[in-house]
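A.B. asks: got a structure for you, letters missing:
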């Protein structure tokens, strides 16, 4: 340490730079310094935790049993860092010190370079400095100047992996991928499940694709996912582009919308099962939106929020629809305020599980750089003012969120590709440029994909494909430094959150700096470090009650959520049963209708027979009348004949010619 203190500068390499900063901050053994005298309570507590993480490693000390607010706060802060790498803790320590005291470099030369001494909790002895195996080593590059002197050293973090790949903070790099690379493409969709990036569909040379490719993010090996065609009901997925791919339930990929050669009238939803390797069509209820591509699909809880896009007739849209993945029910939303103008190929993100952000996109001739925010509780649009270095208009870009940060990569303005990688702080709506690429490279392309993954315990952005005059199939990585993330505490305690941080949908990480800037669970008014032993002057005990109340409220909310989910599942089951019953009733109705048709036919025949019988009956009536007439005529004839016989004296008299008797007057 003493040999490095004499060459302090803004380019001092790690870990020397960290130890110099630690000494200046009061952890280096200076007798007249104290953490409290230089920094606020929260900053002092955070610096302590980062120092412990950098020099000792992850917290393995049992939680203090006795009630000591100082020790409780220190343990909570240190344990909250989880498995953060030592080098990352060093970088954060120095960064926070520079933000709190920008002139520390100029004043640090006044101190002597005694060995760094740390104070362990409940102890008062020196701790061992982390070994080389515990601290990621750094590559130092010496640049000679024109006069032969040595310029300031430049340091870059080296991530030691099996493949020996090197990742530099805030710079795009190409990992050494292996395996059969996918076809170059753009307007495809990508998602990460279990450290594997899945790429589906896209456009290659004007042709739509329907292949599913997989990149193992642990060994950077490409492979094609072979679809299981032996299933009972095999589903052929239509080649498409401009669709969205959403990971769901840990073992499914949901493909939604997209352009195709023969588009359907409404949006189709298909799912790929990562266990059976089969595609299936997901049955939805309600009124589905019109078919489209270039839309944004954002996962908010168990809901997919779909905005905008372009339909099969090239009509631009700005409607809003929500698909509940629990009930698979569509809902068209009527919003308040001024909606974004119709557009496609924009980017969308969710902040704090409440606010939907829409950035950029374009029409057939114009690109936008406007920012719109939809409050998902009130369903009201707003267009807040943007701060910082506002990005240029673009469409076809990709975005991903890391804690409070929304990273935007690529896109184009109908003239050229966008070379800047920008980031938006979603709390302050302030833009800044992360890095800039040069030349016509895949990162300055339209229709590329961007996902968030974990690489060597740290968040990385992974981009793939795109089109900038030619189709690409390259993979690029970027490891952001100024917005590192923090996993939830491993002790089972609820992780501290200010309520404004957005939970990332991919890996659930949170922003370290945000978490500690917004406060600790145990508020300590003053922590002094004198002779390497912290002293407590005053403790704010109210925070413990607040934490207890928050825990109770959290349990109540979790119980309510559990009840809602149970009720939703019950309703879904009832819906399925009702649908089954409805199917049976429909079949019975069809059977009754068939029987009724047969009865109607029989009735018609009977009516014909009745008509014929009536006609015959009428004929019989006529014959009966004729018979009666004949019978009467016969009777009359017989009567007349009988009378004549009586008057003639019989037959013999008549034959003898006896005259008839003369009647007396």
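C.D. replies: Received, thanks. Since the model is a prediction, treat every value here as computed from it, not as a measurement. Numbers count the residues shown, from 1 in each chain.

A.B. asks: so what's the residue count around residue 69?
C.D. replies: Here the number of neighbours of residue 69 (other C-beta atoms under 10 Å) works out to 19. No exception for glycine: its C-beta is placed from N, CA and C like everyone else's.

A.B. asks: repeat for residue 377
C.D. replies: For residue 377, using other C-beta under 10 Å, the count is 8.

A.B. asks: same deal with residue 241?
C.D. replies: Residue 241, neighbours per other C-beta under 10 Å, totals 24.

A.B. asks: kindly report the same for residue 565.
C.D. replies: Counted with other C-beta under 10 Å, the neighbours of residue 565 add up to 12.

A.B. asks: list the residues that contact it.
C.D. replies: By C-beta atoms under 8 Å, 6 or more residues apart in numbering, residue 565 lies in contact with residue 326.

A.B. asks: which strand or helix spans it?
C.D. replies: Following DSSP states H and E, one finds residue 565 within helix 542-647.

A.B. asks: chain center to that helix, what's the gap?
C.D. replies: How far helix 542-647 lies from its chain's middle: 52 Å, per C-alpha atoms, centre = their mean, to the nearest Å.

A.B. asks: same check on stretch 402-412?
C.D. replies: Here stretch 402-412 is found 15 Å from its chain centre; the criterion is C-alpha atoms, centre = their mean.

A.B. asks: swap in stretch 273-289?
C.D. replies: Stretch 273-289 has its C-alpha centroid displaced from the chain centroid by 16 Å (C-alpha atoms, centre = their mean).

A.B. asks: please begin residue numbering at 433 from this point
C.D. replies: With 433 as the first residue, the last one maps to stretch 705-721.

A.B. asks: and the residue positioned nearest the centre of the chain, what element?
C.D. replies: In the chain, the residue lying closest to the centroid (C-alpha atoms, centre = their mean) is residue 731, at 3.1 Å. Using DSSP H and E, residue 731 sits in strand 728-732.

A.B. asks: tell me the first helix or strand C-terminal of that strand.
C.D. replies: Once strand 728-732 ends, the next helix or strand along the chain (criterion: DSSP H and E) is strand 735-743.

A.B. asks: strands paired with that next one, and their directions?
C.D. replies: strand 724-725 (antiparallel), strand 728-732 (antiparallel), strand 748-756 (antiparallel) (DSSP bridges).

A.B. asks: now do the contacts for the residue nearest to the centre of the chain.
C.D. replies: Residue 731 neighbours (C-beta under 8 Å, 6+ apart): 678, 680, 737, 782, 937.

A.B. asks: which parts of the chain are helices?
C.D. replies: With helices called from DSSP state H, the chain shows them at 448-454, 467-470, 473-487, 501-511, 518-532, 536-540, 944-949, 974-1079, 1082-1088.

A.B. asks: and the nearest residue to residue 849 once chain neighbours are set aside, how many neighbours?
C.D. replies: Leaving aside its chain neighbours, residue 849 sits nearest to residue 876 (3.3 Å; criterion: C-beta to C-beta, 6 or more residues apart in numbering). As a burial measure, residue 876 scores 23 neighbours (other C-beta under 10 Å).

A.B. asks: so who does residue 876 touch?
C.D. replies: Per C-beta under 8 Å, 6+ apart, neighbours of residue 876: 842, 844, 848-851, 869, 900.

A.B. asks: so, low pLDDT: which residues of the stretch 583-732 of the chain?
C.D. replies: Counting by pLDDT under 70, the low-confidence segments of the stretch 583-732 of the chain come to 583-599, 663-666.

A.B. asks: returning to what we had before: what's the closest of the strands paired with strand 735-743 to residue 989?
C.D. replies: Residue 989 lies closest to strand 728-732 among the strands paired with strand 735-743, at 16.7 Å (C-beta to C-beta).

A.B. asks: buried residues, the closest one. List them.
C.D. replies: By neighbour count with 16 or more other C-beta atoms under 10 Å, strand 728-732 contains the buried residues 728-731.

A.B. asks: brilliant, that's me finished.
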